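the following comprises the amino acid sequence and a computationally predicted model.
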Amino acid sequence: MIDALKQIVGENSILENENMASHTTFKCGGNASLYIVPNSTDELVKVLEVLRNENYPYMVIGNGSNLLVKDEGYDGAIVEVDKKISEIDVRGEEIIVEAGAKLSKVATIAMENDLAGFEFAHGIPGNMGGAVVMNAGAYGGEMKDVLKWVKVVDQNGEIKTLENEELELGYRTSRVMKEKMIVLEACIKLDLGVMGDIAEVMALLMSKRKASQPLEYPSAGSTFKRPEGYFAGKLVQDAGMKGYRVGDAMVSDKHSGFVINCGNATATEVIQVIKDVQAKVKEDFGVDLEPEVRIIG
């Protein structure tokens, strides 16, 4: 199988027993049995076909901004869709974006082309593919507001183009997530604006983000999904868990909705903090906090 994969991506684009700490924004975690970096969407589709045919477990990631790999590691293949699959093509008021393109880059290109409506995504630390999967959003905007269509490959290897209304986009969920499809590219439809005004909004949102979030520490962004009728960060704070720490994993004292790596935290320590916070919030308020970060291994 490894020989077949090397035939597709080249010998230098497949690594064995690769440490995942260097591929996630949490900067901790164990090793993946295989780490594969396709150079194009065509290579990505072929790699997935080989892995499926071999019944070999795999997971596709972007820049690892919403992922935690257990210290025991992941016994399977991690397939990276990042900067090698990141073309951005502006076509009038639409932008065609490959799955590995960073949201911040897409937002900047939109601004440079006087296209408004994607400012909310400028500070989200992820790629287009992951943003589609979880319907990423911030400051009142969501991917569902701007997506026109998405090209995916499904679990049978069939490539499909899904229109916005077929994507079943909800709060941190989508049909792509539910059916375990892999995003290849997406089209966003924006509005004509003025570069200066768009830049001003982006700068304002970024300053808000820096003022309220612990961006100086490794994390996976918001650790918990927002429970209906509540705010996760407020529940954590009201439960007295702000600043709670296990080893070098800690609930941020700047924003209680973030678990951060404030030194050399292990994935086990991060997971323990998450579990302890969930237990305390459940005990105090009867609310189940669901992790937004994806834990594998």
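Great, that's in hand. Numbers count the residues shown, from 1 in each chain.

tally of neighbours for the closest residue to residue 87 other than its chain neighbours?
Excluding the flanking residues, the one nearest residue 87 by Cβ to Cβ, 6 or more residues apart in numbering is residue 98, at 4.6 Å. Every C-beta, even on glycine, is put in place using the N, C-alpha and C of the backbone. By other Cβ atoms under 10 Å, 24 other residues sit near residue 98.

the chain should start at 38 in everything you say after this.
Got it, first residue is 38 now, which makes that one residue 135.

give me the beta-bridge partners of residue 135?
For residue 135, the beta-bridge partners are residue 222 (DSSP bridges).

surely it meets residue 187?
No. Between residue 135 and residue 187 there is no contact under Cβ atoms under 8 Å: 11.5 Å.

buried sites along stretch 317-334?
317, 318, 324, 326, 328, 329, 330, 331, 333, 334 (16 or more other Cβ atoms under 10 Å).

still on that earlier bit, between residue 135 and residue 187, which contacts overlap?
Here residue 135 and residue 187 share the contacting residues residue 222, scored by Cβ atoms under 8 Å, 6 or more residues apart in numbering.

show me the contacts for the residue nearest to residue 124.
Here residue 135 is in contact with 78, 122, 123, 124, 125, 165, 221, 222 (criterion: Cβ under 8 Å, 6+ apart).

can you map out the helices along the stretch 188-334 of the chain?
212-215, 232-249, 269-275, 304-322 (DSSP state H, counting those that start in this stretch).

got it, and the stretch 38-187 of the chain?
Using DSSP H, counting those that start in this stretch, helices in the stretch 38-187 of the chain cover 39-46, 78-90, 140-149, 165-170.

which residues are contacting the last one?
Contact partners of helix 165-170, identified using Cβ under 8 Å, 6+ apart, comprise 97-99, 102-103, 118, 134-140, 143, 158, 161, 173, 180, 184, 187, 204, 211, 213-214, 219-220, 222-223.

picking up where we left off before, closest to residue 107 out of the helices of the stretch 188-334 of the chain?
Closest to residue 107 of the helices of the stretch 188-334 of the chain is helix 304-322 (Cβ to Cβ; 5.2 Å).

how far off centre is that closest one?
Centroid displacement of helix 304-322 relative to its chain, using Cα atoms, centre = their mean, to the nearest Å, is 22 Å.

now residue 332: how far from residue 253?
23 Å (Cβ to Cβ, to the nearest Å).

how about residue 287: what's its closest non-neighbour residue?
Leaving aside its sequence neighbours, residue 287 sits nearest to residue 299 (Cβ to Cβ, 6+ apart; 5.0 Å).

tell me, how many residues neighbour that neighbour?
For residue 299, the neighbour count with other Cβ under 10 Å is 18.

kindly report the same for the one 10 residues further on.
Here the neighbour count serves as a burial measure; for residue 309 (other Cβ under 10 Å) it reads 14.

spit out the contact partners of it.
With Cβ under 8 Å, 6+ apart, residue 309 has these contacts: 283, 286.

just the strands in the stretch 38-187 of the chain please.
Here the stretch 38-187 of the chain has its strands, by DSSP state E, counting those that start in this stretch, at 51-56, 68-73, 95-98, 104-106, 111-117, 125-128, 131-135, 152-153, 174-175, 178-179, 184-190.

just the C-alphas of the first one, formatted as CSV.
The C-alpha coordinates for strand 51-56 follow below in CSV (Å, rounded to 0.1, in the frame of the first residue of the first chain):
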residue,chain,number,x,y,z
ILE,A,51,4.7,10.3,2.6
LEU,A,52,6.1,10.0,6.1
GLU,A,53,5.9,7.1,8.6
ASN,A,54,5.4,7.5,12.4
GLU,A,55,5.1,11.3,12.1
ASN,A,56,4.8,13.4,15.2
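
elements contacting that strand?
Contacts defined by 3 or more Cβ pairs under 8 Å, 6 or more residues apart in numbering; DSSP states H and E place strand 51-56 against helix 39-46, strand 68-73.

comparing the ones you listed, which comes out most buried?
Of all those, strand 68-73 has the most neighbours on average by mean count of other Cβ atoms under 10 Å, namely a mean of 22.

extract the C-alpha set from it and format it as CSV.
Provided in CSV are the C-alpha atoms of strand 68-73 (Å, rounded to 0.1, in the frame of the first residue of the first chain):
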residue,chain,number,x,y,z
ASN,A,68,2.4,10.1,16.2
ALA,A,69,0.4,9.1,13.1
SER,A,70,1.3,5.8,11.5
LEU,A,71,1.4,7.5,8.1
TYR,A,72,1.4,11.2,7.1
ILE,A,73,0.5,11.9,3.4
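
show me the contact partners of that strand.
With Cβ under 8 Å, 6+ apart as the criterion, strand 68-73 contacts 39, 42, 46, 50-57, 60, 84, 106, 110-117.
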